[in-house]
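**Q** what's the 3D shape of this:
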Amino acid sequence: MKKFAMIAALALMFGAPVFAQAKTEEKPAAPKEEPKKDEAKADGLKPYRTKGNTWTLKTTAKYGSFEVTSFIKYEVTEVTEEKATVKQSILDKDEKEQSSSTFDVPFKAAETPKETPKEPAEAPKVVEETIKVAAGEYKCTKTEMESGGSKTTTWIAKDTYILVKSTSKSDMGESTTELIKAEIK
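**A** Coordinates of the predicted model:
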């Protein structure tokens, strides 16, 4: 199905004399309507396209009477046409940097290896939901999944695809991750 969709898309994009068996009368194109702001296609790489963008996540994990809080800060330190370099910092309880590393986010999609499709697992429940966290209010895609005695709920921002909130519960304990700061231009 994916191959057919790709061929059809390429045919529409570049024209396809192979598919055109008979010449039809051309009608003037209807004027294009601009998509409404909410309907505009989101750019999943938006947070990575501007140097200086930052966002910070706070995770609180509870295992019995033991509780741990940690912070991770992401900062875009370099942007080229091909990629963004991101500094990921582990922060202490006072949000002071303890350690850091960098990783690259390529802007060109890598080619997906061809695999034989496996039997799909039960599809997660996906809904749209607006939630409020410390960093503000976000329109999100909410996904709920259960596996191996664990239930995970994740909210991803619809406009930037960054993690806004995640909760996980199991017999071992529970954890919550929440976006607490975001400066994305």
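
**Q** ok, and the closest non-adjacent residue to the residue nearest the centre of the chain?
**A** In the chain, the centroid-proximal residue (CA atoms, centre = their mean) is Y161; its distance is 3.1 Å. Among residues not flanking Y161 along the chain, G44 sits closest, at 3.9 Å (CB to CB, 6 or more residues apart in numbering). Just so you know, the C-beta spots here come from the backbone N, C-alpha and C atoms, and that holds for glycine as well.

**Q** I'd say that neighbour and D159 touch.
**A** No: using CB atoms under 8 Å as the test, G44 is too far from D159 to be in contact (9.4 Å).

**Q** neighbour count winner among those two?
**A** For G44 versus D159, neighbours defined as other CB atoms under 10 Å are more numerous around D159 (18 against 13).

**Q** which residues of this structure fall in helices?
**A** Under the criterion DSSP state H, the chain carries helices at the ranges 2-14.

**Q** where does the prediction get shaky in it?
**A** Where the chain drops to pLDDT under 70, the residues are 1-41, 110-113, 116-122.

**Q** now do 90
**A** For the chain, applying pLDDT under 90 flags the ranges 1-46, 64, 92-95, 107-126, 146-149, 159-160, 171-172, 185.

**Q** returning to what we had before: who's in contact with the residue nearest to the centre of the chain?
**A** Taking CB atoms under 8 Å, 6 or more residues apart in numbering, we find Y161 in contact with A42, G44, K46, P47.

**Q** quick one: distance of the lengthiest strand in the chain to the chain centre.
**A** Ranked by residue count under DSSP state E, the longest strand found in the chain is strand 66-79. Strand 66-79 has its C-alpha centroid displaced from the chain centroid by 17 Å (CA atoms, centre = their mean, to the nearest Å).

**Q** got it, and stretch 125-137?
**A** Its chain's average C-alpha position is 13 Å from that of stretch 125-137, according to CA atoms, centre = their mean.

**Q** one more: stretch 47-62?
**A** 12 Å.

**Q** for that stretch, buried residues please.
**A** By 16 or more other CB atoms under 10 Å, the buried positions in stretch 47-62 come out as P47, Y48, N53, T54, W55, T56, L57, K58, A61.
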